[in-house]
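[1] can you look at this prediction? I've put the sequence above it.
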Amino acid sequence: MSKGKVWLVGAGPGDVSLITVKGMDCIKYADVLVYDRLVNPELLTFRSETCELINVGKQCDHHPIPQSEINQILVREAKLGKKVTRLKSGDPYVFGRGGEEAEELAKENIPFEVVPGVTSAIGGLAYAGIPVTHRDHASSFHVVTGHLRDGKDPLNWQALAALDGTLVILMGVSNLDYICEQLIKYGRPANTPVGIVMWASRANQRTVTGTLATMAQIAKEQEVKPPALIVVGDVVTLHETLDFSAFLSNPQD
């Protein structure tokens, strides 16, 4: 039996319509769909009647299926000659471990493609009326993970605090107090605007804003929960002006 193929597909930040045309084709024609927890369930309804679903979703600090096993699932199904779509929230290569999966496929000589997706670090913020760059506010942006592996902090907070551009932090809500403390400690002004966007681009999207000095307390009061992304910088002040949620519609409407 000839080997199958794996498509590593970015599903986008949440809104079903934000997946790429190629990404949707990968769903429609897959023999197997291997998907994450944050993938919008509506996307799964576009699969064929014979397509097998494999849920490998992980939650913060709870990984019922370890990454090594996910890698082997992809290899196993492809070696059975199947067309495998690995569906990931956002973009496969933006903190999605897509690189690790691609490395395993390459090692096993499995044909694969990467189908980029709209990362929440850009698209999710756009849906909240927060552009990552703006000529009057930020000429660069920087994306980091706020999830500390095994309790260790790999981030250089002194360098991050010194940056003039927009700082986007994914998977950082559980460490919000620490993040704000470190940025202030290393020189970022305490009144720097901060925004948190929950369930970006979905119907239940919610945005809260504050500053480095106040955001941790506001988040507690507003019961901020993952999935959410944190954005630090002057672009947050554009949220109320550029929020287009009240005008959402399909182009054909």
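    Received the coordinates, thanks. None of these values were measured; they are calculated from a predicted model.
[2] what does stretch 54-73 contact?
    Under the criterion C-beta atoms under 8 Å, 6 or more residues apart in numbering, residues 32-38, 77, 97, 100-101, 104, 147, 171, 174, 226 lie in contact with stretch 54-73. Every C-beta, even on glycine, is put in place using the N, C-alpha and C of the backbone.
[3] give me that answer again for 10 Å
    Stretch 54-73 is contacted from outside by 32-39, 44, 74, 77, 84, 86-89, 97, 100-105, 107-108, 147, 171, 173-174, 226-227, using C-beta atoms under 10 Å, 6 or more residues apart in numbering.
[4] give me every residue that touches the closest residue to residue 132 other than its chain neighbours.
    Leaving aside its chain neighbours, residue 132 sits nearest to residue 141 (4.1 Å; criterion: C-beta to C-beta, 6 or more residues apart in numbering). Residues near residue 141 by C-beta under 10 Å, 6+ apart: 121-122, 125, 131-133, 163, 165-168, 231, 233, 235.
[5] just the buried residues from these, in ChimeraX please.
    A single ChimeraX command is used to select the members of these judged buried by 16 or more other C-beta atoms under 10 Å:
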select :121,122,125,131,132,163,165,166,167,168,231,233,235
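[6] which ones among the contacts of residue 141 are found in helices?
    Using DSSP state H, the members of these that fall within helices are residue 125.
[7] which non-adjacent residue is nearest residue 118?
    Using C-beta to C-beta, 6+ apart and skipping the chain neighbours, the partner closest in space to residue 118 is residue 12 (4.3 Å).
[8] how about the contacts made by that neighbour?
    Residue 12 sits next to 18-20, 23, 39-40, 43, 88-91, 116-120, 123-124, 200-201 when contact means C-beta under 10 Å, 6+ apart.
[9] again, only using 7 Å
    By C-beta atoms under 7 Å, 6 or more residues apart in numbering, the contact set of residue 12 is 18-19, 90, 117-118, 123.
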